[in-house]
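K.L.:
Test case, fold it:
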Amino acid sequence: MEMVFCPGCAGDVHDGSGACPVCGASQAVAAAPGIRRNPFMLIACCVLWSIGIWFGALFLVGVAAGDRLSEALGGPFLLASIGLSIGLTVRGMLPGTAKPVPQAG
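P.N.:
Numbering: from 1, shown residues only. From the prediction side, this is the model:
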C-alpha cells in the first residue's frame, strides 16, 4: 500500500484506510471543483440557435403554406424559437452548449 499525506495532522497514512489513526481525519478524496460552462459562449450559442430555428421555421411555413402566413407568424415563431433555444441551452442539448463531464484523476 502507498502512503498518503493526512490533511489533519500532516502525517503519513496508508491510502486504503478510511481515517487517520493519529487524528481521526477522514481520508476521503475531496471532490474536484465544479467545471463551469462559459456563460458568454452559452449566450452566443443560444442567440445563434434561436435565430437559426426562427429562420428555419419561417422557411418551412413559407414553403408549405405561403409567404402571408409566414409573415403573420414571424413574431410568435421568434418568441417560440427564443424559448426553445434557452431551454435546450440550459439543458446542454444543443451543439456547443453541452455540459462538461468531470474527469477522474
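K.L.:
Looking only at stretch 50-60, what residues are buried by neighbour count?
P.N.:
For stretch 50-60, the neighbour count (16 or more other CB atoms under 10 Å) marks 50, 53-54, 57-58 as buried. Quick note: C-beta positions are derived from backbone N, CA and C, even for glycine.
K.L.:
where's it relative to the chain centroid, distance-wise?
P.N.:
How far stretch 50-60 lies from its chain's middle: 24 Å, per CA atoms, centre = their mean, to the nearest Å.
K.L.:
what does that stretch rub up against?
P.N.:
70, 73-74, 77-78, 80-82, 84-86 (CB atoms under 8 Å, 6 or more residues apart in numbering).
K.L.:
if we go to 6 Å?
P.N.:
Applying CB atoms under 6 Å, 6 or more residues apart in numbering, the contact partners of stretch 50-60 are 70, 77-78, 81-82, 85.
K.L.:
Out of the residues you listed, flag the one nearest to Arg37.
P.N.:
Ser85 (15.2 Å; CB to CB).
K.L.:
what separates the residue of the chain most remote from its centre from Ser85, distance-wise?
P.N.:
Computed with CA atoms, centre = their mean, the residue of the chain farthest from its C-alpha average is Val22, at 41.6 Å. From Val22 across to Ser85, the span is 56 Å (CB to CB, to the nearest Å).
K.L.:
before we move on, could you check phi and psi at the closest residue to Gly62 other than its chain neighbours?
P.N.:
Residue nearest to Gly62 in three dimensions, not counting chain neighbours: Ser70, with 3.9 Å by CB to CB, 6 or more residues apart in numbering. Main-chain torsions, Ser70, degrees, to the nearest 10: phi -60, psi -40.
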